[in-house]
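Here you go, sequence then predicted model.
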Amino acid sequence: MSKIIIENGLVIDGTGKEPLKDSIVVIDGQQIIYVGKREGYAKSGDEAVVDAQGGSILPGFIDTHVHMMMEYSPIADRLATPFSFMYYQAANYLKTTLHAGITSVRDALGTDLGVKKAVEDGLIEGPRLQLSINALTITGGHGDGYTVSGNEFDLLPSGYPGMPGGKCDGVEEVRKKTREMLRAGAEVIKVHATGGVLSATDHPEFTQFSLEELKVIVEEARFRKGVKVMAHAQGAEGIKNAIRAGVHSIEHGIFLDDEAIELMIKNDTYLVPTLLAPLAVLETAEEAGMPEASVQQSREVIEQHNASIAKAHQAGVKIAMGTDAGVMKHGTNLRELGLMKNIGMRPMDTIVASTKTAAACLGWQDKLGTLEEGKLADIIVVQGNPLEDIHSLANNDTVQVVIKNGKVEKNTLTKEPLPTIS
C-alpha cells in the first residue's frame, strides 16, 4: 500500500477556517495529497484506511520554545549526574513530546546538532527540531551561572564540543559569539535581552545588551541566509530594544506596555507567551528544587504576564504557541492552549497559534502548519472536538494518533498497527 486515508473525523485544518465535516485527508509518502469532501477523492482500492472514530484530525502541533536537553531538577541531583546521562534523558523527553502531539519544536538552548541528527536519522523518536544551540547572555545576566556564593553553576553544561558558551559583552564579543553559534549549527539565534524568573543575580525587568549589541546579533544572523533571532525578553525596555534591533520573536513578554505592543505590530514581530512557565515554577517548586527567589518572582509576575498577553492578543499581535518545556515536564505542552483560552483567545485561535502561526514563526509555513495539499504529512487524531473543550488536549491520552512525515509514530486508536509509508 502506498497511501493512507484518514476518515470519519472532523477536519480542523489549522488555517482558522470552519472545520470540515464528512471530509478526509489522504497521505502519499511524506506528503498530504488531498483534503476535502469524501466524494471528491476517487479511491484506487489500495489505500490503507484510518478510522478517526468521530474524533478530530488536525496538523501536528508546533511548540516554538522548548529545552529538550533538560527538565528542571534540584542542584544536588544535577551534581550527582554524569554528563552523558542527559542525552539518554533527552531521548525520552523527545519521544514523550512527540507522543503528546507535538511534531515540531524550536529548541531555545541546550540541544546540539548531534541530537537533531539522531532524530533525523531515526536513531531516536522525536519531533522535528530547529536549533538555537545556546543563548547569548551578558556577564551577570540571565543565563550566567554565577551564584551568590561566588561559584558558577549553569542550568545546562556548555563549553563542550558542539555547545559553545553563551556569555559575551560588547559589540565585538557579541559578533564573535553569534558566529560561534552559527558555526555550531544554530538555525535561529537566541539572546537574553532581559533578566528572568530563574535568574540568580538579576530580575525579569532588568535590561540586558545594548541596542547596538542587539543590532549586531541580528545583522550577523541575517548574513546567514536570513537566520532569525529570538529574544528572551520580559521587561518592557528590553522588549522594545529587541524589537527595534530587528528581533523576529519575543519570548515570554511579561511586562509588555502599549509602546511595545505598537512596535510589535509595526515590525511584524511574533510573541511567544509561554504562559505555562511561571505557573509550572509554582506547581513544581518543591519537587524540582526551584530556588525560593524564582518562586517568589513567579508569584509576582503571573498576573501581569496574563494581562500582557491578553492585551497583545486583543491588539492583533501575532502569537505563536510556546511553553518553555524543560522548566516543566516534557509532554505537558498542550496545557498552554487552555491557558491561552483563559486569557481571552478563542479555542480556534489557540489551535492556529499552535499550527499555522507557529510554522510561520519558524519559517516553515511552506511545508508545515496546515492540512493542505503539498504539505508534509504531520497529522494528529484526537478524541472529540477540541474546539468544544480545548483543555482536553492537556491529557496526552486524548491524542490517539501521531503521524510525522507520513510515518505513524503513535497509535492508540486500534489494536492493529497502522501502516507506515516510507
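Right, received. Where do you want to start? Numbers count the residues shown, from 1 in each chain.

which residues make contact with stretch 212-222 from outside it?
Outside of stretch 212-222, the residues within contact range by CB atoms under 8 Å, 6 or more residues apart in numbering are 136, 170-171, 174-175, 178-179, 182, 188-189, 191, 193, 209, 227-229, 231, 241-242, 244-247. C-beta here means a position set from N, CA and C on the backbone, and glycine is covered the same way.

Only whichever of those residues are buried, select them in PyMOL.
Buried members of the contacts of stretch 212-222, defined by 16 or more other CB atoms under 10 Å, are picked up in PyMOL with:
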select buried, resi 136+174+175+178+179+182+188+189+191+193+209+227+228+229+231+241+242+245+246+247
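
where does the chain have low pLDDT?
Where the chain drops to pLDDT under 70, the residues are 1, 200, 415-422.

so where do the helices sit in the stretch 251-400 of the chain?
258-267, 276-288, 292-315, 335-342, 347-353, 356-361 (DSSP state H, counting those that start in this stretch).

Throw those into TSV and include distance to Leu94 and mean neighbour count, thanks.
Below are those laid out as TSV (distance: least, CB to CB, whole Å; neighbours: other CB atoms under 10 Å):
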stretch	distance to Leu94	mean neighbour count
helix 258-267	31	17
helix 276-288	19	19
helix 292-315	26	18
helix 335-342	18	21
helix 347-353	22	23
helix 356-361	18	25
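
Among those, which comes closest to Met69?
helix 276-288 (15.6 Å; CB to CB).

What residue, apart from its backbone neighbours, is nearest Gln30 spatially?
Spatial nearest neighbour of Gln30, excluding adjacent residues (CB to CB, 6 or more residues apart in numbering): Gly406 at 4.2 Å.

For Gly40, grab the count of nearby residues.
10 (other CB atoms under 10 Å).

Next: Tyr146.
17.

what's the answer for Ile33, then?
15.

Hmm, it is touching Glu373, no?
Yes. Ile33 lies in contact with Glu373 (CB atoms under 8 Å); the separation is 6.0 Å.

the strands in the stretch 51-200 of the chain, which residues?
Here the stretch 51-200 of the chain has its strands, by DSSP state E, counting those that start in this stretch, at 56-59, 61-66, 102-107, 128-131, 135-136, 188-192.

Tabulate those strands (TSV), appending distance to Asp144.
Formatted as TSV, the strands of the stretch 51-200 of the chain follow (distance: least, CB to CB, whole Å):
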stretch	distance to Asp144
strand 56-59	38
strand 61-66	20
strand 102-107	20
strand 128-131	21
strand 135-136	11
strand 188-192	9
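
which residues does Gly344 contact?
Gly344 touches Ala310, His313, Gln314, counting by CB under 8 Å, 6+ apart.

Could you dump those residues into a markdown table with distance to Leu113 added?
Putting the contacts of Gly344 into a markdown table (distance: CB to CB, whole Å) gives the following:
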| residue | distance to Leu113 |
| --- | --- |
| Ala310 | 38 |
| His313 | 35 |
| Gln314 | 40 |
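
what's the closest of the residues you listed to Ala76?
When the contacts of Gly344 are ranked by distance to Ala76 (CB to CB), Ala310 comes first, at 38.7 Å.

Right, I'll leave it there.
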